[in-house]
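Chemist: Have a look at this prediction, sequence included:
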Amino acid sequence: MSTPTRITHLVGHSPWEGEAERTSEVFNPATGEVTGALDLASSETVGEVVAVAKAAAKEWGTVSLARRVRILFAFRQLLEERKDEIALAITAEHGKTYDDAKAEISRGQEVVEFACGIPHLLKGGFSENVSTSIDAYSILQPLGVVGVISPFNFPAMVPLWFVPMAIATGNTVVIKPSEKDPTAVNLIADLWREAGLPDGVMNVVHGDKEAVDALLDHPDVKAISFVGSTPVARHVYERGVANGKRVQALGGAKNHMLVLPDADLDLAADAAVSAGYGAAGERCMAISVVLATESIADELVTRIVERTRTLRTGDGMGESDMGPLVTRAHLDKVTGYVEQGVASGAELVVDGREGAGDLGPGYFLQPTLFDKVTPDMSIYTDEIFGPVLCIVRIDSYDEGLQLINDNPYGNGTTIFTNDGGAARRFQHEVEVGMVGINVPIPTPMAYYSFGGWKNSLFGDTHAHGIEGVHFFTRTKAVTQRWLDPSHGGLNLGFPEND
């Protein structure tokens, strides 16, 4: 067995030179092997890194938009060239398939490309002669130091949602990635160095709750961007806001797919399988509940089962459609939900536990499908975050809509139908932040903004898009008057209501 690699913080462009009081093991979830020893930051270490970011913030905030854009374009090119390297690191630490890891980076790259248009996005407004010889305009200015706390399930994409937007708008960044798969962020930070980003603008601290709370408490951190579970999102929001920070905290999900009788059932079955089992269900946009109208439920379940049986589960480095779960503890949790589903009376159509032990020593659970699930069961109410898909049979569109709207989460949902009127009605009536029509995962493009409603979002600002620009900037309104030289420099006055 090889010696685990030390993974440490990046202070500006340099590895941290201190000695960590605490460390954490990083695993390859496909083998169970310990591959890394991660330094966990104390609150004092977080303070050291924030101080570096603060020192860099004043100068970076005054750097021209032209120079920022050149760095962003250079970073975008480096990200394209090093995509394979980063994807391999993601697969080795998270477990998702290599192709899925590359796709994750590509989705994050869309935000980088959006941020390359920052000169246009930072334009304020201007009104001439609002009163006699008085002009008014607005400007957008950076906040200073901002913190990013990113989750394990998208170790590259979620950092790329926030960091390019923060940097493009003139802020410096301290990011704390998940301790489960930290290497991707370190690799991405090194690309910023190669792209020409000044020292101290992009910084990485690794850690657990102590590091999170240190960022939330530090007075020089002006804003926090977070993606993770709802309980942690609520903690981040409440503590950050109590300390006077801007906070965008994206929480958990229980995403529903509504399938109406006139839907293309092959399309719906393909979507249910890809959205339910992709990345082993460890996606905040995964479909975990299919609401099937009774008249087509049997046929839809049959088609989902056919597709589920063809999926190959294994090491994400190999010829697999689905990799392992991220940790042994998470595997045990998800398996526990399968057991609860059986005990509560749901029909276990496909048991992903069967044969999982034959796939090797990693954290494997194969695709699992329940039918005849009811809304009082824990497999329906709880965010499982694993490859467990539930079929709930309904009698009508109205019943399905009510189930979605009654759910405490409001992240994403999708409807499958060939009725344009029903689809249009759904997009207006459903109480969810992101809506798909005949698409499996309605993740917005970078020039729109990502975020849910209800317990899926704390704060009122979504990620990237124009909302991201506004989150990372403060608006300043300016009213100005200049003396008119044709009047000998005399003050022309500013009569009330002129």
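Modeler: Received the coordinates, thanks.
Chemist: List the contacts of Ile175.
Modeler: 147-150, 159, 162-163, 185, 189, 202-205 (C-beta atoms under 8 Å, 6 or more residues apart in numbering). In this view, the C-beta of every residue, glycine as well, is placed from N, C-alpha and C.
Chemist: Just the ones of the residues you listed in helices?
Modeler: With DSSP state H as the criterion, helices contain Pro159, Phe162, Val163, Val185, Ala189 from among the contacts of Ile175.
Chemist: ok, and the most crowded of the contacts of Ile175?
Modeler: Counting neighbours by other C-beta atoms under 10 Å, Gly147 comes out on top of the contacts of Ile175 with 32 neighbours.
Chemist: how about the residue lying closest to that one once chain neighbours are set aside, what does it touch?
Modeler: In this structure, Gly147 finds its nearest non-sequential neighbour in Leu215, 4.2 Å apart by C-beta to C-beta, 6 or more residues apart in numbering. Residues near Leu215 by C-beta under 8 Å, 6+ apart: Val46, Val50, Gly147, Ile149, Val174, Lys176, Val205, Val221, Ile224.
Chemist: could you redo the ones in helices among the contacts of Ile175 as CSV and give each row pLDDT and distance to Val11?
Modeler: Listed next are those as CSV, based on pLDDT from 0 to 100; distance: C-beta to C-beta, whole Å:
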residue, pLDDT, distance to Val11
Pro159, 98, 17
Phe162, 98, 19
Val163, 98, 16
Val185, 98, 14
Ala189, 98, 10
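Chemist: Those residues into CSV, with extra columns for distance to Gly465?
Modeler: Supplementary listing: the ones in helices among the contacts of Ile175 in CSV, determined by distance: C-beta to C-beta, whole Å:
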residue, distance to Gly465
Pro159, 16
Phe162, 12
Val163, 15
Val185, 22
Ala189, 23
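Chemist: hmm, which two among those are most spread apart?
Modeler: Phe162 and Ala189 (13.2 Å; C-beta to C-beta).
Chemist: What ranges does the stretch 351-498 of the chain have for its helices?
Modeler: For the stretch 351-498 of the chain, the helices defined by DSSP state H, counting those that start in this stretch occupy 378-381, 397-406, 420-429, 465-471.
Chemist: just to revisit the earlier point, what score does the residue nearest to Gly147 have for pLDDT?
Modeler: Reported pLDDT at Leu215 in the predicted model: 98.
Chemist: ditto for Ser2
Modeler: 77.
Chemist: what's Gly170 sitting at in phi/psi?
Modeler: Main-chain dihedrals, Gly170, degrees, to the nearest 10: phi 100, psi 10.
Chemist: Now for it, how many residues are close by?
Modeler: By other C-beta under 10 Å, neighbour count at Gly170 equals 23.
Chemist: which one is it nearest to, not counting chain neighbours?
Modeler: Gly170 sits nearest to Pro142 (C-beta to C-beta, 6+ apart), 3.4 Å away.
Chemist: Can you name the residues bridging to the one you found?
Modeler: Counting by DSSP bridges, Pro142 is bridged to Thr473.
Chemist: residues in contact with it?
Modeler: Per C-beta under 8 Å, 6+ apart, neighbours of Pro142: Ala57, Trp60, Gly61, Thr169, Gly170, Asn171, Phe472, Thr473, Arg474.
Chemist: again, but for Asp217
Modeler: Contacts of Asp217 (C-beta under 8 Å, 6+ apart): Ser43, Arg239, Asn243.
Chemist: Would you mind giving the domain segments of the chain?
Modeler: Following automatic domain parsing, one finds the domains of the chain at 5-251+456-477, 255-437.
Chemist: quick one: low-confidence parts of the stretch 351-498 of the chain?
Modeler: Applying pLDDT under 70 to the stretch 351-498 of the chain flags residues 484-498.
Chemist: still on that earlier bit, could you take the contacts of Leu215 and lay them out as TSV, with extra columns for pLDDT?
Modeler: Compiled in TSV, those are given as follows (pLDDT from 0 to 100):
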residue	pLDDT
Val46	98
Val50	98
Gly147	98
Ile149	98
Val174	99
Lys176	98
Val205	98
Val221	98
Ile224	98
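Chemist: Throw these into TSV and include distance to Asp332, thanks.
Modeler: Below are the contacts of Leu215 laid out as TSV (distance: C-beta to C-beta, whole Å):
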residue	distance to Asp332
Val46	31
Val50	36
Gly147	31
Ile149	25
Val174	33
Lys176	26
Val205	29
Val221	35
Ile224	31
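Chemist: ok, of the residues you listed, which one's closest to Val388?
Modeler: Nearest to Val388 among the contacts of Leu215 is Ile149, at 26.5 Å by C-beta to C-beta.
Chemist: Need the per-residue pLDDT for the spatially closest residue to that closest one that is not a sequence neighbour.
Modeler: Spatial nearest neighbour of Ile149, chain neighbours left out: Phe226 (4.5 Å); criterion: C-beta to C-beta, 6+ apart. For Phe226, the model assigns a pLDDT of 98.
Chemist: Shouldn't Phe226 be within a helix?
Modeler: No. With DSSP: H, G, I helix; E, B strand; the rest coil as the criterion, Phe226 is located in strand rather than a helix.
Chemist: What residues does it make contact with?
Modeler: Val148, Ile149, Ser150, Val232, Ala233, Val236, Tyr237, Val247, Gln248, Ala249, Leu250.
Chemist: and if we set it to 10 Å?
Modeler: 147-151, 158, 162, 176, 212, 215-216, 232-233, 235-237, 240, 247-251, 458-459, 463 (C-beta atoms under 10 Å, 6 or more residues apart in numbering).
Chemist: try Gly314
Modeler: Ala30, Thr97, Ser320, Asp321, Met322, Gly323, Pro324, Leu359, Gly360, Gly362, Phe364, Gln366.
Chemist: and it, what pLDDT?
Modeler: Per-residue pLDDT puts Gly314 at 97.
Chemist: What distance do you get for it to Gly420?
Modeler: Separation of Gly314 from Gly420 (C-beta to C-beta, to the nearest Å): 41 Å.
Chemist: what does Val50 give?
Modeler: Val50 is 52 Å from Gly420, by C-beta to C-beta.
Chemist: now Val342
Modeler: Counting by C-beta to C-beta - Val342 and Gly420 are separated by 40 Å.
Chemist: isn't Leu348 right up against Gln340?
Modeler: No. In this structure, Leu348 is not within contact of Gln340 by C-beta atoms under 10 Å, at 11.3 Å.
Chemist: Now do the strands in the stretch 151-300 of the chain.
Modeler: 172-176, 202-204, 221-227, 246-250, 255-259, 287-293 (DSSP state E, counting those that start in this stretch).
Chemist: so which of those strands gets nearest Asp382?
Modeler: Of those, nearest to Asp382 by C-beta to C-beta is strand 287-293, at 9.5 Å.
Chemist: Please state the mean pLDDT value computed over that closest one.
Modeler: For strand 287-293, the per-residue pLDDT averages 98.
Chemist: Against which helices or strands is that strand packed?
Modeler: strand 255-259, helix 265-277, helix 294-308, strand 368-371, helix 378-381, strand 388-394, helix 397-406, strand 412-416 (3 or more C-beta pairs under 10 Å, 6 or more residues apart in numbering; DSSP states H and E).
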